[in-house]
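**Q** Give me coordinates for this.
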Amino acid sequence: MRGTRILLALSLASASLASTLIAQRPGGTLDALTVPRPGRIAHFSSRDTTGGNDDYRVIPPGGTLTLLDYRGAGIVRRWWVTIAPRNDRRIQRQLIVRCWWDDEPEPSVEVPITDFFGVGFGEWRQYMSAPMNMTSGGYDTYWPMPFRRHARITVENRSAVTVGSFYYNVDVETRPAVDDSALYFHAQFRRVTTTAGQPVTLLDATGRGQYVGSVVSMQPLRGRGLWFLEGDERVFVDGESAPSIVGTGTEDYFSSGWYFDTGPYSSLYHGLTIKDSLTGRVSAYRWHIEDPIPFTSSLRFTIEHGGTNDAPRTDYSTVAFWYQTHPHARFPALPADLLPDTTSTAVLRIPRMIEAESLLATARVTAGELRVQDMAGFEPDSGRWSGGAQLWWVLARPGARLTLPIRTPRGGTHELTGYFTRARDYGDVRVLLNGRALAPVVRGYSPTVEPTGAISFGRVALRPGVNDLVVEIVGKDARAAGYSDGFLVGIDGFVIGP
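**A** As a prediction, the model looks like this:
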């Protein structure tokens, strides 16, 4: 009986502790929904106050719209917007979101609208994460934004285009008071063209707080190479002379790998919203919700470009998200030019090229696997590939054959030219057309990854309709002997001449 009483006492104590912990939570979790909240919801929107259906506001060039101007204590819980004209980069990169808390002289948030909502380059891309979303035409944020006396949110139109329809809803949880320990929400935009030897700075903050998120959008201004992704994050906390946090690569910081080789995705705390092979653009987000970086006096968050800050002439646009005490350090001025670069080298297109990667669905192999490989990571230093990609044959062996059905509207005799890739672990291949072996054998070895350029197989007889072009692995260079997978094959494409 005594043991039963002890267990009951422990159970009651545990229940009491759990209730206390739930009650102490600031809200926002499922457990917190079981506890009455002390305030109410104040809703601010673009609704038509006449009772009609014109539930939007117009923002002319140079105009500023106030979304929220509330006196009292509370927490901004959620806000949503949508914009027309839709998906206009001029608008989306030049609408500036600003937030002021408690009558501070300068805003704690100053960011172009799409960057603020998690996507760079003035783009709207559907994705979902825990605190931010772009979904089916809307923009959403659920970052809690506490204030004690006053909250003001505005949107300024810096573009030369009239925003014909700006819709918004902002929900504030009003409270009698907000705890003195609550930190203020901040978001800061920066843009820089990299220079050799200098890292990119996302944030240089003073005060006490914690770092909670990054949006980084990167684009090489020459070619499409992704070497800049070799850069590591380096975070200096509380005046450190050497960083206490050092990463292993940019895509690693965003919880991905291999230069984001499988393309865009979204998840609760990290994601890739843009990977554009035609421009080399990459935009990714990382939320430190489960792993915030605390600081007591200062925090400097930097990221390298390239292995040793050796990827100059790369455009970096960044947004840092953090909470801290006031006052905050003064923000750098927004750049005069906010629009994304459109002058970088376009993807190469070889005239009349039958792109090998376009034949993936109809190609057949006797061994191994076929993939499409984005070659942006090797451009421009190693050369350029037509269409920016190649057909990549992996896990094969000598004697294996790849058959590519080539369709020609008319028969006749034409010159056949092939474009391949060389690398240290690539094999040698010969080409056959409708059963006839062609010369020369294509040698696959090179100490670096590079396109072969044009290789002529001479004049060949083609029949009307489908012709079977076969690539057969015949061996590998002795210098590739150390590579167990040294029979890889990369094919850019083929040109059938006049």
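**Q** Identify the residues contacting Gly74.
**A** Taking CB atoms under 8 Å, 6 or more residues apart in numbering, we find Gly74 in contact with 39, 42, 146-147, 151, 172-175, 178. In this view, the C-beta of every residue, glycine as well, is placed from N, C-alpha and C.
**Q** From start to finish, how long is stretch 332-347 in a straight line?
**A** 34 Å (CA to CA, to the nearest Å).
**Q** Give me the distance from it to the chain's centre.
**A** Distance of stretch 332-347 from the chain centroid (CA atoms, centre = their mean, to the nearest Å) equals 17 Å.
**Q** quick one: Arg152 from Val58, how far?
**A** 20 Å (CB to CB, to the nearest Å).
**Q** more crowded one of those two?
**A** Arg152 (19 against 13; other CB atoms under 10 Å).
**Q** Could you report the pLDDT at the nearest residue to that one once chain neighbours are set aside?
**A** In space, and not counting its chain neighbours, Arg152 is closest to Trp100: 4.5 Å by CB to CB, 6 or more residues apart in numbering. Per-residue pLDDT puts Trp100 at 98.
**Q** and Trp100, that's in a strand?
**A** Yes - Trp100 forms part of a strand when assessed by DSSP: H, G, I helix; E, B strand; the rest coil.
**Q** how about it, what does it touch?
**A** Contacts of Trp100 (CB under 8 Å, 6+ apart): 106-108, 150-153.
**Q** again, but for Met145
**A** 75-76, 99, 101, 151, 184-185.
**Q** mind redoing it with 6 Å?
**A** Contacts for Met145 (CB atoms under 6 Å, 6 or more residues apart in numbering) come out as 76, 185.
**Q** mind showing which ranges of the protein have poor pLDDT?
**A** Along the chain, the model assigns pLDDT under 70 to residues 1-29, 344-346, 380-382, 484.
**Q** Mind jotting down where the helices sit in it?
**A** For the chain, the helices defined by DSSP state H cover 2-24, 89-92, 113-116, 250-253.
**Q** Name the residues that touch the third one?
**A** Helix 113-116 is touched from outside by 92, 95, 97, 122, 189, 319, with contacts defined as CB under 6 Å, 6+ apart.
**Q** burial count for the nearest residue to the third one once chain neighbours are set aside?
**A** Right, Val97. Closest residue to Val97 apart from its sequence neighbours, by CB to CB, 6+ apart: Phe116 at 4.8 Å. Look at Phe116: counted by other CB under 10 Å, it has 24 neighbours.
**Q** likewise the one 4 residues further on?
**A** Applying other CB under 10 Å, we find 29 residues neighbouring Gly120.
**Q** ok, so what distance separates it from Val449?
**A** According to CB to CB, Gly120 stands 28 Å off from Val449.
**Q** Phe295 is in contact with Val237, isn't it?
**A** Yes - assessed by CB atoms under 6 Å, Phe295 is found in contact with Val237 at 5.1 Å.
**Q** Which one's more surrounded, those two?
**A** More neighbours surround Phe295 than the other of Phe295 and Val237, with 24 against 18 (other CB under 10 Å).
**Q** Identify the bridge partners of that one.
**A** Gly209 (DSSP bridges).
**Q** Quick check: it vs Arg208, distance?
**A** According to CB to CB, Phe295 and Arg208 sit 7 Å apart.
**Q** Then Pro60?
**A** For Pro60, the distance to Arg208 - CB to CB - is 41 Å.
**Q** One more: His270?
**A** Distance, His270 to Arg208, using CB to CB: 26 Å.
**Q** next one: Asp69
**A** Distance from Asp69 to Arg208, by CB to CB: 28 Å.
**Q** out of everything not next to it in sequence, what's closest to Asp276?
**A** Val282 (7.8 Å).
**Q** The one you found - how many residues pack around it?
**A** So Val282, with other CB under 10 Å, has 27 neighbours.
**Q** partners of it in the sheet?
**A** According to DSSP bridges, beta-bridge pairing links Val282 with Met218, Lys275.
**Q** Surely it touches Pro220?
**A** No - at 9.6 Å, Val282 and Pro220 do not qualify as touching, with contact defined as CB under 6 Å.
**Q** rewinding a little: by neighbour count, which of the contacts of Gly74 wins?
**A** Among the contacts of Gly74, the one with the most neighbours (other CB under 10 Å) is Phe147, at 27 neighbours.
**Q** Beta-bridge partners for that residue, please?
**A** With DSSP bridges as the rule, Phe147 is bridged to Gly74.
**Q** hang on, it packs against Trp101?
**A** Yes - contact criterion CB under 6 Å: Phe147 and Trp101 qualify, at 4.4 Å.
**Q** Please report how far Gly412 lies from Gly465.
**A** Distance of Gly412 to Gly465, computed by CB to CB: 13 Å.
**Q** can you check Val81 too?
**A** Per CB to CB, Val81 is found 54 Å from Gly465.
**Q** And those two? Which one has more around it.
**A** Neighbour count, other CB under 10 Å: between Val81 and Gly465, Val81 has more, with 20 against 12.
**Q** and the more buried one, bridged to which residues?
**A** So, taking DSSP bridges as the rule, Val81 has Tyr139, Tyr168 as bridge partners.
**Q** So it is in contact with Tyr168, correct?
**A** Yes - in this structure, Val81 is within contact of Tyr168 by CB under 6 Å, at 4.6 Å.
**Q** which residues touch the closest residue to Leu339 other than its chain neighbours?
**A** Leaving aside its sequence neighbours, Leu339 sits nearest to Arg93 (CB to CB, 6+ apart; 5.5 Å). With CB under 6 Å, 6+ apart as the criterion, the residues that contact Arg93 are 112, 122, 338-339.
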